[in-house]
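In: what would the 3D arrangement of this be:
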Amino acid sequence: MNNLDLVGNVGQHPVLRSTSGGTPVANVSLATNRVYRDGAGQRQQTTEWHRLVIWGEPATTLAKIVGRGDLLAVRGRLEYKTREIAGETVQDAVVRILEWTKLSPRKTPVDADTPAEEAEPAATAGGDDGGFQLEDDIPF
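Out: All right, here's what the predicted structure looks like:
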C-alpha cells in the first residue's frame, strides 16, 4: 500500500502548467513540522519540505484557490522521478496528490463586512477517492 497523508503550509503559490496534450498539472511545495524532545529533554522542531504534483482539473482548482502560507491537507502516494544532473542520475521523491482540502479560510479584504468562509471542500484528483466518499470521513 502506498498512501501518504500530509498537513502543512504551502511554501509558494502552485505553478500550473499544461502538457502538450492539454492536461493541466500543478506543482506545489508543502512544509510539515515535527516536534520532538532531544536527548537533553529540550523541545525541538524540524521542518520537512515535500514536493507535490497534481494532475487534471483538480490541478486548475488548486492553483486558483491555494496560495503561499495556506494550510493544506493532502492525501496521495509517493512516486519517484529520475532525472540527469551533471551527468549523474538522481531520483527525486514526489507526492502525487489524489485529494486535497484547504484548511485555511478564504482571504477577504480587510474592510469587508462578511467573515471569512470556512475551509474549501475536498477535491479529488483523477476520480480516485482513496476510499473516502465524504470530507467528514478524512481521518485528519
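In: and Val95, how far is that from Arg51?
Out: 7 Å (C-beta to C-beta, to the nearest Å). To be clear about C-beta, it is placed using only N, CA and C from the backbone, and glycine gets the same treatment.
In: what about these two, which has more around it?
Out: Neighbours per residue (other C-beta atoms under 10 Å) separate Val95 from Arg51, with Val95 holding more: 21 against 14.
In: ok, and that one, which helix or strand is that part of?
Out: Val95 is part of strand 88-102 when elements are defined by DSSP states H and E.
In: list the buried residues of that strand.
Out: Neighbour counts over strand 88-102 (16 or more other C-beta atoms under 10 Å) mark Val94, Val95, Arg96, Ile97, Leu98, Glu99, Trp100, Thr101, Lys102 as buried.
In: please name the strands paired to that strand in the sheet, noting orientation.
Out: Applying DSSP bridges to the sheet, strand 88-102 is found paired with strand 43-55 (parallel), strand 71-85 (antiparallel), strand 123-124 (antiparallel).
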